[in-house]
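Colleague: give me coordinates for this.
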Amino acid sequence: MTVCEYRPGLEGIPAAQSSISFVDGQKGILEYRGIRIEELAEKSTFLETAYLLIWGVLPTGAELDEFADEIRYHRRIKYRIEDMMKCFPEKGHPMDALQTSAAALGLYYARRALDNPEYIRQAVVRLLAKIPTMVAAFQLIRKGNHPIQPNDSLDYAANFLYMLTEKRPTDLAAKVFDVCLTLHAEHTMNASTFSAMVTASTLTDPYGVIASAVGTLAGPLHGGANEEVLLMLEEIGSVANVRPYVEKCIANKQKVMGFGHRVYKVKDPRSTILQNLAEQLFAELGSDEYYDIALELEQAMVDIYGEKGIYPNVDFYSGLVYRKLGIPNDLFTPIFAISRVAGWLAHWKEQLNANRIFRPTQIYTGQHEVPYTPIEQRS
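Modeller: Numbers count the residues shown, from 1 in each chain. Okay, here's the model as predicted:
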């Protein structure tokens, strides 16, 4: 077998064949199962989109109702998992809490019956249902409060916002949050999806697969970037400081968070939708001082880097949306995980259809025939 050229980060090397999603980075196109993301954001819901991603077709009304009812029934988590979360450090990051809690689900439900369609469906339902509950529970537990139980009268997005605050969200807030979940649900072969697929290829249980993906998503170069965007906007402080800040970043060769993408060479289509969602929230709930800074920053970056294909990505405006919804900064990435569970499960299920364990090779750069040095001769 011929050794291929080494490419850092496996850039441009296909790792799988998939019919789940498609990206054209030159034209700014994102499709789930062939349907444009703009159309899904306008017409679909997150649960319908999750069904589409995982089972490959849009559900009938009866199928969607059944799916939503199953998820509603399984929203609650075991009290022992709740007790475990009460022992987590209060200052621990919610992504670490989520990874641990997701893995703990396997203690209750992991039978590894991966050839059983009913087991697969139950795993899908439980993970989609319980991950939001765990995120909301840790948020309240670390503040010294008891978790709020799910409200069965509320839909998926509205229920999560309710569990964070024990207040029913407005219709607009619930709708905006649901669209955010849809936008983040899937994005081809990214780092966390690849992590999930490598783990899945060993035929471990789906709870371990999701825990692995959550750990990968936690990094600031992946899911953690939207937290960094708000910290950056806070550091800039005013519209007048935008261009001096960009110039400083250029001089110091620092990355401007929320800009650039490995795939997109135009503005991320999800960023455009999120910007529109932010403006809808501002119209109802009041403006945000950071938004003016963000607009000026986008213009400055386009002026300087537009010809190089560096534009806002999905992280740039998502934090502003979550901020207006009253969500703490360090929950931005766990919310990303709530959404991306749908995509991870879709790839997990697809992987099972024609599985082969991932076993890449490497290019060795070390020495050969090195003699062993006795410990008394080492300095």
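Colleague: quick one: contacts of stretch 22-34?
Modeller: 19-21, 36-37, 40, 49, 52-53, 56-57, 185-188, 261, 263-270 (Cβ atoms under 8 Å, 6 or more residues apart in numbering). No exception for glycine: its C-beta is placed from N, CA and C like everyone else's.
Colleague: ranges for the helices of the stretch 251-379 of the chain?
Modeller: 269-285, 289-305, 314-324, 332-353 (DSSP state H, counting those that start in this stretch).
Colleague: of the ones you listed, which approaches Tyr108 most closely?
Modeller: helix 332-353 (17.2 Å; Cβ to Cβ).
Colleague: buried set for that closest one?
Modeller: 332-351 (16 or more other Cβ atoms under 10 Å).
Colleague: same deal with stretch 113-127?
Modeller: Result for stretch 113-127 [16+ other Cβ under 10 Å]: buried residues Leu114, Tyr119, Ile120, Gln122, Ala123, Val124, Val125, Arg126, Leu127.
Colleague: now, those residues that are in helices?
Modeller: Tyr119, Ile120, Gln122, Ala123, Val124, Val125, Arg126, Leu127 (DSSP state H).
Colleague: so where's the protein uncertain?
Modeller: Within the chain, the segments meeting pLDDT under 70 span 1-4.
Colleague: which residue is the nearest non-sequential neighbour of the residue nearest the centre of the chain?
Modeller: For the chain, Phe336 is the residue whose C-alpha lies nearest the centre (Cα atoms, centre = their mean; 3.3 Å). Nearest-residue entry for Phe336: Gly223, 4.5 Å, with adjacent residues in sequence omitted and distances by Cβ to Cβ, 6 or more residues apart in numbering.
Colleague: how near is that neighbour to Val214?
Modeller: Going from Gly223 to Val214 by Cβ to Cβ, to the nearest Å gives 9 Å.
Colleague: what does Ala240 give?
Modeller: 39 Å.
Colleague: which of these two has more residues huddled nearby?
Modeller: Ranked by neighbour count (other Cβ atoms under 10 Å), Ala240 and Val214 place Val214 first, with 30 against 10.
Colleague: what helix or strand does the spatially closest residue to that one that is not a sequence neighbour sit in?
Modeller: Leaving aside its chain neighbours, Val214 sits nearest to Gln99 (4.4 Å; criterion: Cβ to Cβ, 6+ apart). Using DSSP states H and E, Gln99 sits in helix 94-109.
Colleague: got the angle between that helix and helix 332-353?
Modeller: 40 degrees (axes from the mean of the first three to the mean of the last three Cα atoms, to 10 degrees).
Colleague: that older thread, what is the most widely separated pair among the ones in helices among the buried residues of stretch 113-127?
Modeller: Tyr119 and Leu127 (12.5 Å).
Colleague: Pro312: neighbour count?
Modeller: 25.
Colleague: again, but for Thr204
Modeller: 16.
Colleague: do the same with Lys27
Modeller: Lys27, neighbours per other Cβ under 10 Å, totals 10.
Colleague: and for the one 5 residues further on?
Modeller: Applying other Cβ under 10 Å, we find 24 residues neighbouring Tyr32.
Colleague: what are the boundaries of the helices in the stretch 51-200 of the chain?
Modeller: 61-73, 79-86, 94-109, 117-141, 156-165, 171-183, 191-200.
Colleague: helices or strands next to the fifth one in the packing?
Modeller: Counting contacts by 3 or more Cβ pairs under 8 Å, 6 or more residues apart in numbering; DSSP states H and E, helix 156-165 packs against helix 46-55, helix 117-141, helix 171-183.
Colleague: which one, of these, ends up nearest to Tyr322?
Modeller: Comparing those by Cβ to Cβ, helix 171-183 comes nearest, at 7.6 Å.
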